[in-house]
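> Sharing a model prediction with you, sequence too.
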Amino acid sequence: MASRFFADLRASQVDTACSPSSVAVLPVGAIEQHGPHLPLATDAVVAEAVSREAVAARGEELDLWLLPTITYGRSVEHTWAAGTLSLSTATFAAVLDDIGRSVAAAGIHRLALVNGHGGNVSEIQTALRDLRLAYGLLTFGINTFLAEDHDPAWAASENGLGIHGGAAETSLMLHLRPDLVDLGAAERRIPAHMADNVHARFGGSVSFGWLANDFGTEGYLGDPTLASAEAGATGFKSLVGTLGDQLAEVARFDFPDSARTR
């Protein structure tokens, strides 16, 4: 089976290998603190691994091309911590714009950003429209976040607050890179005072600005002590399967001709 890694192509091959119907798949991560138990690269590791497996499974069928991962993201909520390497909002937007322009120049009309970091979500949503307007691309944002209800124990214990370094992320890393996980340093870190909020909470109807150390000096939220490699393996398989199905819809997505900007 031929490689579906875009960077493996020679320049002379791009015009014949890629076409307007191709889908460029761009993993986007972050380098940021994830508490004392997880590595800085957690979000990038997950986004790249899920994207790589989905492209390997469905690449020939859907004409997918895996772009090199954007390892750095917008991690301003974590810049208080040693090791966090964050792009500014303007720089992150400029990087996405430059890659979108380059993808369009390669003759590819569909770009899917596969994101592993919550702090990137709003900027990616803005970029989707900006890239559509500037370059006529069909643009898509997909998040590789393992749902809390993947494991009933998480849902009962984390109360929707295990959003950073909690059971889900820790389980995925125990599956993908157990050598980088220190479960001995993991403790339960749930902001119990928010659990009763209906609106002003993560995922609620009222959003709020926050920094990770607003919830404690270790900067993570969740209960990583509930994590397991087994849960990570089943969760990873689910993420890969879901991403494959999402990319199948991306590959056939289009607007009516009359609605196109280009």
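In hand now; what should we look at? Numbers count the residues shown, from 1 in each chain.

> This protein: helices as residue ranges?
Secondary structure of the chain (DSSP state H): helices at 14-17, 42-62, 89-105, 121-135, 152-158, 167-176, 229-252.

> And those, which one averages the lowest pLDDT?
Mean pLDDT is lowest for helix 152-158 among these, at a mean of 82.

> What is the neighbour count of the closest residue to Ala2 other than its chain neighbours?
Leaving aside its sequence neighbours, Ala2 sits nearest to Glu60 (CB to CB, 6 or more residues apart in numbering; 7.8 Å). Heads up, the C-betas are built off the backbone N, CA and C, glycines and all. Counted by other CB atoms under 10 Å, the residues lying close to Glu60 total 12.

> Count the neighbours of the closest residue to Ala82 other than its chain neighbours for me.
Distance criterion CB to CB, 6+ apart; nearest residue to Ala82, sequence neighbours excluded, is Gln33 at 7.4 Å. Each residue near Gln33 was counted by other CB under 10 Å, and the total is 25.

> next one: phi and psi at Gln33?
phi -60, psi 140 (degrees, to the nearest 10).

> my read: Ser208 touches Phe202, true?
You called it Ser, but residue 208 is Phe. No: shown here, Phe208 and Phe202 do not form a contact pair, counting by CB atoms under 8 Å, at 9.1 Å.

> centre of the chain versus stretch 202-216, how much separation?
Centroid displacement of stretch 202-216 relative to its chain, using CA atoms, centre = their mean, to the nearest Å, is 19 Å.

> Give the buried residues for that stretch.
Neighbour-count burial for stretch 202-216, with 16 or more other CB atoms under 10 Å as criterion, is recorded at Phe202, Ala212, Phe215.

> What is the nearest of the residues you listed to Ala49?
Ala49 lies nearest to Ala212 out of the buried residues of stretch 202-216, by CB to CB, at 23.3 Å.

> can you pull the pLDDT of that closest one?
For Ala212, the pLDDT comes out at 95.

> One more: Thr261?
pLDDT, Thr261: 48.

> Counting neighbours, what do you get for Val28?
33.

> distance of it from Asn143?
Noted for Val28: a distance of 10 Å to Asn143, by CB to CB, to the nearest Å.

> what is in contact with those two at once?
Val114, Asn115, Gly116 (CB atoms under 8 Å, 6 or more residues apart in numbering).

> Can I get those in a markdown table including pLDDT?
As requested, these are exported to a markdown table (pLDDT from 0 to 100):
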| residue | pLDDT |
| --- | --- |
| Val114 | 98 |
| Asn115 | 98 |
| Gly116 | 98 |
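
> can you pick the most crowded of those?
Ranking the shared contacts of Val28 and Asn143 using other CB under 10 Å puts Val114 first, with 30 neighbours.

> Now for that one: which residues touch it?
Val25, Leu26, Pro27, Val28, Ala47, Val50, Ser51, Ile142, Asn143, Thr144, Leu243.

> my read: the last one touches Ala54, true?
Think Leu243. Yes: counting by CB under 8 Å, Ala54 is a contact partner of Leu243 at 4.1 Å.

> Give me the common contacts of those two.
Common neighbours of Leu243 and Ala54, using CB under 8 Å, 6+ apart, do not exist here.

> With adjacent residues omitted, what lies nearest to Ile190?
Nearest non-adjacent residue to Ile190 (CB to CB, 6+ apart): Leu161, at 5.4 Å.

> Would you mind confirming that the one you found is in contact with Asp196?
No: between Leu161 and Asp196 there is no contact under CB under 8 Å: 11.4 Å.

> Between those two, which is the more surrounded one?
Just comparing Leu161 and Asp196: by other CB under 10 Å the higher neighbour count belongs to Leu161, 22 against 8.

> residues in contact with the more buried one?
The contact partners of Leu161, by CB under 8 Å, 6+ apart, come to Ile190, Pro191, Met194, Ala195, Arg201, Phe202, Leu221, Gly222.

> And the furthest pair within those?
Checking those with CB to CB, the most distant pair is Arg201 and Gly222, at 14.1 Å.

> before we move on, back to that, out of the contacts of Val114, which is nearest to Ser3?
Distances from Ser3 to the contacts of Val114, taken by CB to CB, are shortest for Val25, at 13.5 Å.
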